[in-house]
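Visitor: Turn this into a model:
(one chain, ligands or ions: 1)
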Amino acid sequence: MDLAIETINLTKHYGNKVGCAEICLRVPRGQIFGFLGPNGAGKSTLVKTLIGLLFPTSGEARLLGKPLGDIGVRRKIGFLPENFRYHDWLTCSQLLDFHASLYGMSNAEKKRRIPQVIKQVGLSGRESQKIRTYSKGMQQRAGLACALLPDPDLLFLDEPTSALDPLGRRDVRELLVELRAGGKTIFLNSHLLSEVEMICDMVAFIRQGKVIRQGTLDELRSAEINVEMRCEGLTEQIRDALAGLTLSMYIEGGTVLATVSKDEDIPLLADAVIRGGGRLYELNRKRSSLEEMFISMAQEETNNDGYY
Ligand SMILES: Nc1ncnc2c1ncn2[C@@H]1O[C@H](COP(=O)(O)OP(=O)(O)OP(=O)(O)O)[C@@H](O)[C@H]1O
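Guide: All right, here's what the predicted structure looks like:
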């Protein structure tokens with residue numbers, strides 16, 4: 001498989017604190033890859049390590065087939081940081097000119113490319129305004145234009161739509177889908193799971209610095225089945241039996257929300273309630289949304305409140 005990103009046990013420690021640990025990812029070219037995880041899970045650390053802002057503590061990685069740090073590859077990478085802040089005394093055109101110089105573009109290239117990216121991000125007509133007069137959303141669009149300048153084969157976007165309104169988000173989604181159609185690979189960090197669900201081909205979940213799942217959305221969805229049961233008389237013994245059958249479970253009043261890995265487990269749940277002397281009024285099998293998967297993975301093994 002032609003991979004845009006491959007990491008083997010990639011690890012970054014900050015002193016004795018873990019940023020990300022033993023990350024093994026395979027991102028095929030031409031895909032939109034969603035990298036998901038709770039706050040502080042290690043998403044930005046991994047991206048910064050891949051693009052060369054941080055040095056790995058151990059492990060290996062290849063971008064576009066070359067080891068980290070390859071100058072030729074760096075020219076083909078675009079990056080939108082999460083906490084974007086640009087020189088606000090410059091106009092958008094001046095900002096792009098500055099970034100184009102950093103990419104080593106000739107004047108002729110700049111003249112061709114700058115108007116193109118301004119148009120791509122929807123800032124045509126506003127490019128002569130100073131960044132300080134831009135709304136947050138417009139600043140984010142300007143940041144995206146900077147990332148697109150080198151016509152990158154691989155684009156790292158850290159929360160690219162966090163400052164945008166729903167229309168702006170739709171614009172960016174359409175742009176990303178267009179870029180994918182042109183063969184580009186997009187590595188997307190985002191908390192906006194419905195958005196990720198709409199455009200990503202594959203996703204990986206990271207928690208406490210480690211990747212705990214990765215695959216296509218369908219693979220991940222079929223790996224987890226959500227079951228909702230309405231019951232009465234849930235004794236301690238029934239709860240323990242259910243916990244032993246499920247990947248995760250939440251009980252509130254008489255409602256049990258359980259996640260199991262295969263269809264064959266569903267009748268076992270019903271059986272556990274009935275054999276334990278409880279009453280089962282309703283049982284529904286539900287397809288997991290990405291949001292549900294995210295919550296269940298973030299909660300796994302935490303054993304808080306009603307969670308098992
Ligand atoms: N410069 C740093 N020095 C020390 N620890 C850091 C540094 N940057 C990040 N960390 C720690 O590394 C871990 C991963 O942080 P990181 O910023 O990569 O998470 P994240 O998944 O991007 O979070 P968020 O969704 O909040 O942006 C956290 O425990 C964080 O406190």
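Visitor: Going by C-alpha atoms from here, please, whenever you check contacts or count neighbours.
Guide: Noted.
Visitor: Any idea how many residues pack against Ser296?
Guide: 20 (other CA atoms under 10 Å).
Visitor: actually Thr45, sorry about that
Guide: The number of residues near Thr45, taken as other CA under 10 Å, comes to 21.
Visitor: Next, it: secondary structure please.
Guide: State at Thr45, reduced to three classes by DSSP: H, G, I helix; E, B strand; the rest coil: helix.
Visitor: OK, contacts around it?
Guide: 12, 19-20, 54 (CA atoms under 8 Å, 6 or more residues apart in numbering).
Visitor: any idea of the pLDDT on it?
Guide: Thr45 carries a pLDDT value of 94.
Visitor: mind checking how far it is from Leu280?
Guide: 47 Å (CA to CA, to the nearest Å).
Visitor: now do Gly233
Guide: Here the criterion is CA to CA. By it, Gly233 lies 9 Å from Leu280.
Visitor: before we move on, what about Asp2?
Guide: Taking CA to CA, one finds Asp2 at 50 Å from Leu280.
Visitor: if you count what's nearby, which of the two comes out ahead?
Guide: For Asp2 and Leu280, the more surrounded residue by other CA under 10 Å is Leu280, and the numbers stand at 17 against 12.
Visitor: So the more buried one, which state does it fall into?
Guide: Leu280 ends up strand, using three-state DSSP.
Visitor: So it sits against Arg230, correct?
Guide: Yes - contact criterion CA atoms under 8 Å: Leu280 and Arg230 qualify, at 6.2 Å.
Visitor: quick one: low-confidence parts of the chain?
Guide: Along the chain, segments meeting pLDDT under 70 span 287, 300-308.
Visitor: how about 80 then?
Guide: Scanning the chain for pLDDT under 80 picks out the ranges 1, 83-84, 221-224, 287-289, 292-293, 296-308.
Visitor: Which helix runs longest in it?
Guide: Identified as the longest helix of the chain according to DSSP state H is helix 166-181.
Visitor: That one - contacts with which helices or strands?
Guide: Packing partners of helix 166-181 (3 or more CA pairs under 8 Å, 6 or more residues apart in numbering; DSSP states H and E): strand 185-189, helix 193-199.
Visitor: wouldn't Ser248 be in contact with Ser261 here?
Guide: No - counting by CA under 8 Å, Ser248 stays clear of Ser261, with 10.0 Å between them.
Visitor: Which one of these two is surrounded by more residues?
Guide: Ser248 (23 against 17).
Visitor: Please identify the nearest residue in space to that one, excluding sequence neighbours.
Guide: Thr259 (5.3 Å; CA to CA, 6 or more residues apart in numbering).
Visitor: residues near the closest residue to Gly37 other than its chain neighbours, how many?
Guide: Nearest residue to Gly37, sequence neighbours excluded (CA to CA, 6+ apart): Ile206, at 4.9 Å. By other CA under 10 Å, the residues close to Ile206 number 25.
Visitor: Specify the beta-bridge partners of Ile206.
Guide: With DSSP bridges as the criterion, Ile206 is bridged to Val211.
Visitor: if I look at it, how far off is the ligand?
Guide: In this view, Ile206 and the ligand are 8 Å apart by CA to the nearest ligand atom, to the nearest Å.
Visitor: for that residue, what are its contacts?
Guide: Applying CA under 8 Å, 6+ apart, the residues near Ile206 are 35-38, 41-43, 212-213.
Visitor: Now, those that are in strands?
Guide: Secondary structure defined by DSSP state E assigns 35-36, 212-213 of these to strands.
Visitor: For those residues, which two are the farthest from each other?
Guide: Spanning the widest gap among these are Phe35 and Ile212, at 11.3 Å by CA to CA.
Visitor: Could you report the neighbour count for the closest residue to Arg173 other than its chain neighbours?
Guide: Closest residue in space to Arg173, ignoring its immediate chain neighbours: Ile199 at 7.2 Å, by CA to CA, 6+ apart. Counted with other CA under 10 Å, the burial measure for Ile199 works out to 17 neighbours.
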